[in-house]
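Q: Sequence first, predicted model second:
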Amino acid sequence: MELSWLTKLRIGAAVATGVILIGILGWPIAAPTEPFGAVLGGAMSFGGAISLAGLAFLAGFMAYFLSWPYGREIGILAAPSGLGIWAVRSGNMAGLIQLNATLAQRQALFAMLKWEPIFWLAIVAAGFFGVLLGEKISQPKHKWGETQKKANSKANIYLSAAIALVVSVLIAQFCVGIFAQDVRIFDNKLGSVVAQPAIGQIVFAVLVSFGIAGFVVKKFLNAGYIWPIIASSFVTAFVSSTYVKQDTLQHLWHRWPTVFFSNAVTSILPVQIVAFGTLGSIAGYWLAVRYNYWRKHESK
């Protein structure tokens, strides 16, 4: 079940569409005013957010036709790929914290970042809607969700979805905490603190962690990649509620430089979590599909 060169070209075209429209042409929408500043959805104007959603929608729509007849499966890569360029070009959390020097400013910063992934998830969703519009135009008689409904007719869909979402959050935050570690130093109150990871390490950690989540929910729960993708918007909130409480933040502020964090996940920007989390979830899902196919046909 190897990918053909034509399928690889389709994937490349979908990714390139998002990179060009969002990552390059859309960069002025998100470009920080400070040198090495971080990309934040909360710093965008309302008009900028609408423009970004429009670019994501257009990227998904174009990617659908560029990757046809597998546009539904491949076109969804466009929007997160474009955001991935922003995530790489962005500054890091340590630099952002340096700009919020007081304890009160840091508390306000983490309170804002706690739910920011929902904004980036909405941008990814806009790209998905572009794909769906492309599908509706090219296949007007296709009944959305009919196949999935039949496949899950005997299952408790809501329970399965809830389990897949919780499992994805737990797997992703645990694995990111392992893979995104930099220098770790003992702390008598927190147990240890971890230094700001490099961008390459962040990309690797988030991709692999959500890839594992996508693989697990498909292999063992037979759930789609939508749940680990949605989970990417909850990982930051979950970790912030656990590791960035007021007393923890106060301890870090008093005892440690700004490059140290109580948990590796808190050193990763929301745009980085959602962009690479989405790509990793999709990759993990299809890896599980490929693994199941191999077990069924080629291992005999």
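A: Right, received. Where do you want to start? These figures come from a predicted structure and were not determined experimentally.
Q: any chance you could map the strands in the stretch 101-250 of the chain?
A: For the stretch 101-250 of the chain, the strands defined by DSSP state E, counting those that start in this stretch cover 184-187, 191-195.
Q: Okay, now the unreliable bits of the chain?
A: 1, 140-155, 298-300 (pLDDT under 70).
Q: ok, back up a step: out of the strands of the stretch 101-250 of the chain, which comes closest to residue 237?
A: The minimum distance between residue 237 and the strands of the stretch 101-250 of the chain falls on strand 191-195, with 19.5 Å, by Cβ to Cβ. Heads up, the C-betas are built off the backbone N, CA and C, glycines and all.
Q: now what about that closest one, what contacts it?
A: By Cβ atoms under 8 Å, 6 or more residues apart in numbering, the list of residues contacting strand 191-195 from outside reads 181-187, 252, 256, 259-264, 267.
Q: Residue 96 is in contact with residue 106, isn't it?
A: No: with contacts counted by Cβ atoms under 8 Å, residue 96 stays clear of residue 106, the gap being 9.7 Å.
Q: What's the separation between the nearest residue to residue 221 once chain neighbours are set aside and residue 122?
A: Excluding the flanking residues, the one nearest residue 221 by Cβ to Cβ, 6 or more residues apart in numbering is residue 164, at 5.2 Å. Residue 164 sits 20 Å away from residue 122, going by Cβ to Cβ, to the nearest Å.
Q: ok, these two, which is more surrounded?
A: Taking other Cβ atoms under 10 Å, residue 164 and residue 122 do not tie; residue 164 has more neighbours (26 against 16).
Q: ok, so what distance separates the more buried one from residue 195?
A: Remark: distance between residue 164 and residue 195 (Cβ to Cβ) = 33 Å.
Q: Residue 251 too?
A: With distances taken as Cβ to Cβ, residue 251 is found 16 Å from residue 195.
Q: which residues does the residue nearest to residue 221 contact?
A: Residue 164 sits next to 217, 221, 223, 227, 228 when contact means Cβ under 8 Å, 6+ apart.
Q: export those residues to CSV and tack on distance to residue 287 and neighbour count?
A: Shown next, in CSV, are those (distance: Cβ to Cβ, whole Å; neighbours: other Cβ atoms under 10 Å):
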residue, distance to residue 287, neighbour count
217, 12, 29
221, 15, 16
223, 14, 24
227, 16, 25
228, 12, 34
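Q: Include distance to residue 90 when you put the residues you listed into a markdown table, please.
A: A markdown table is the format used below for the contacts of residue 164 (distance: Cβ to Cβ, whole Å):
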| residue | distance to residue 90 |
| --- | --- |
| 217 | 28 |
| 221 | 33 |
| 223 | 31 |
| 227 | 26 |
| 228 | 22 |
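Q: Max pairwise distance over the residues you listed: which two?
A: 221 and 228 (10.7 Å).
Q: hang on, the earlier thing: tell me which of the strands of the stretch 101-250 of the chain sits nearest to residue 41.
A: In terms of Cβ to Cβ, the element of these nearest to residue 41 is strand 191-195, at 24.9 Å.
Q: ok, back up a step: would you tell me which one of the strands of the stretch 101-250 of the chain is buried the most?
A: Comparing the strands of the stretch 101-250 of the chain by mean neighbour count (mean count of other Cβ atoms under 10 Å), strand 191-195 comes out on top with a mean of 17.
Q: Could you tell me which strands sit next to it in the sheet, and their orientation?
A: Sheet pairing for strand 191-195, assigned by DSSP bridges, gives strand 184-187 (antiparallel), strand 260-261 (antiparallel).
Q: can you redo those strands as JSON lines with distance to residue 292?
A: Shown next, in JSON lines, are those (distance: least, Cβ to Cβ, whole Å):
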{"stretch": "strand 184-187", "distance to residue 292": "37"}
{"stretch": "strand 260-261", "distance to residue 292": "38"}
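Q: Of all the ones you listed, which one is nearest residue 238?
A: Of all these, strand 260-261 comes closest under Cβ to Cβ, at 15.2 Å.
Q: What values do phi and psi take at residue 80?
A: Main-chain torsions, residue 80, degrees, to the nearest 10: phi -70, psi -30.
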